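>>> structural data only, the sequence is not supplied:
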């Protein structure tokens, strides 16, 4: 099959959509398929386009055997809601032009949302070529954005709802990343036969290879000098609720100073809330909290594989079916996972036996789980082993990619 993917995000960017399709591409290419990606110039999560990509409206490159067409996107380090909306809109327009010029070369067109604006170039290209449109749905927009008060303008909400309805009607096949999202779409009247769960996961073999790479000196020092390193790796945006980590550090210092003195809270990544979080750390003199910025994928995997425990957090949400993709890499690390969330993330960690869960934004419960592990390191090690085994059995990206390939092949008559 000749597969076209429309995704606003793709490596070298970090994050779930970029990792999802670069991992799928390895297996699809190995199976004899070709994959072409239409994406934006990289700018997530900082809003800054790297120097080698600046001042361009179009660029073609090859990444690990994938043909990548990059087109214009509005990007700004202010990361304001208006800037983000402009980014979605401008990429939707520029990708429509780029994809339409190449539409006839593909057997199917796949758009991965959010943002739902990717459906515009995907649907247009599919119709021009007479090929099926496949919607890969990682979150339900605008529903989740409205529930979490990220979108408040009623006109904008109506516009996005109209776009959402159009892409659901147009898709021959809809894949979602959790069972909860599938059930929610059935409740909303989407035909059940259209819907399939293709979860996120982790490329186990590649994970192990990259996690064994040497670490930067500073990170090696943090891990070696502190008995209890708690690592968060991901974006620093409102939905993640990262204040709970800083609150937990402060509470641990107040109640168990001897454990706090042997701990390090390592935060890897970037995003719109980073400067505010760093200011909180300075004001509170939280000397065991360390921001280390965006790191190469191999460094991230190396750190979470050598940490005492890894952190997965979400703010209180209106839905219970959102699963941060970082939970799969946390399970694969062989270290225990501390989840501060509700819903499906808790279900996963409980079924895996790979960590401890606490309600979202509940500092006392999170600290209690940290202390439980610190006082019982053998329990932490055993939970890490169980989590790794569960990940190998249920979330290996190779198995998931083959299931996705089978669905696409059935749609394409292969």
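Structure's in. What do you need? These figures come from a predicted structure and were not determined experimentally. Numbering: from 1, shown residues only.

>>> off-centre distance for the lengthiest helix in the chain?
When the chain is parsed with DSSP state H, its longest helix is helix 81-102. Averaging C-alpha positions (CA atoms, centre = their mean, to the nearest Å) puts helix 81-102 21 Å from its chain's average.

>>> buried set for it?
With burial defined by 16 or more other CB atoms under 10 Å, the residues of helix 81-102 counted as buried are 84-85, 87-88, 90-92, 94-96, 98-99, 102. All C-beta spots, glycine's among them, are computed from the backbone N, C-alpha and C.

>>> ditto for stretch 234-242
Burial within stretch 234-242, assessed by neighbour count using 16+ other CB under 10 Å, is assigned to 234, 235, 236, 237, 239, 240, 241, 242.

>>> ok, stretch 237-256 next?
237, 239-253, 256.

>>> looking at the residues you listed, which are in helices?
Reading helices off the buried residues of stretch 237-256 with DSSP H, I get 243, 244, 245, 246, 247, 248, 249, 250, 251, 252, 253.

>>> okay if I get those residues as CSV plus distance to residue 360?
What follows is these, written out as CSV (distance: CB to CB, whole Å):
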residue, distance to residue 360
243, 11
244, 8
245, 12
246, 15
247, 12
248, 13
249, 17
250, 18
251, 16
252, 19
253, 22
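
>>> ok, back up a step: closest one of the buried residues of helix 81-102 to residue 31?
residue 102 (21.9 Å; CB to CB).

>>> from residue 265, how far out is the closest one?
46 Å (CB to CB, to the nearest Å).

>>> the helices in the stretch 201-350 of the chain, which residues?
204-211, 217-225, 243-255, 257-260, 274-284, 297-306, 326-332, 344-352 (DSSP state H, counting those that start in this stretch).

>>> deepest-packed of those, please.
Neighbour counts (mean count of other CB atoms under 10 Å) averaged over each of the helices of the stretch 201-350 of the chain peak at helix 326-332, with a mean of 28.

>>> just checking, what packs against that one?
helix 204-211, helix 297-306, strand 309-313, strand 337-340, helix 344-352, helix 377-394 (3 or more CB pairs under 8 Å, 6 or more residues apart in numbering; DSSP states H and E).

>>> repeat the analysis, applying 6 Å as the threshold.
With contacts taken as 3 or more CB pairs under 6 Å, 6 or more residues apart in numbering; DSSP states H and E, helix 326-332 sits against strand 309-313, helix 377-394.

>>> make CSV out of those and add distance to residue 13, mean pLDDT and mean neighbour count.
Listed next are those as CSV, based on distance: least, CB to CB, whole Å; pLDDT from 0 to 100; neighbours: other CB atoms under 10 Å:
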stretch, distance to residue 13, mean pLDDT, mean neighbour count
strand 309-313, 20, 98, 27
helix 377-394, 24, 98, 17
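
>>> put together TSV for those, with distance to residue 402 on each row.
TSV is the format used below for the helices and strands packed on helix 326-332 (distance: least, CB to CB, whole Å):
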stretch	distance to residue 402
strand 309-313	26
helix 377-394	14
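
>>> go through the ones you listed and name the closest to residue 154.
strand 309-313 (30.3 Å).

>>> what's the longest helix of the chain packed up against?
If you count contacts as 3+ CB pairs under 6 Å, 6+ apart, helix 81-102 packs onto strand 34-40, strand 66-71, helix 119-129.

>>> next, the angle from that helix to strand 34-40.
140 degrees (axes from the mean of the first three to the mean of the last three CA atoms, to 10 degrees).

>>> what angle do helix 81-102 and helix 119-129 make?
Between helix 81-102 and helix 119-129, the angle comes out at 10 degrees (the same axes, to 10 degrees).

>>> give me the mean pLDDT for helix 81-102.
For helix 81-102, the mean pLDDT works out to 94.

>>> residue 170: which of the helices of the stretch 201-350 of the chain is closest?
Of the helices of the stretch 201-350 of the chain, nearest to residue 170 by CB to CB is helix 344-352, at 27.3 Å.
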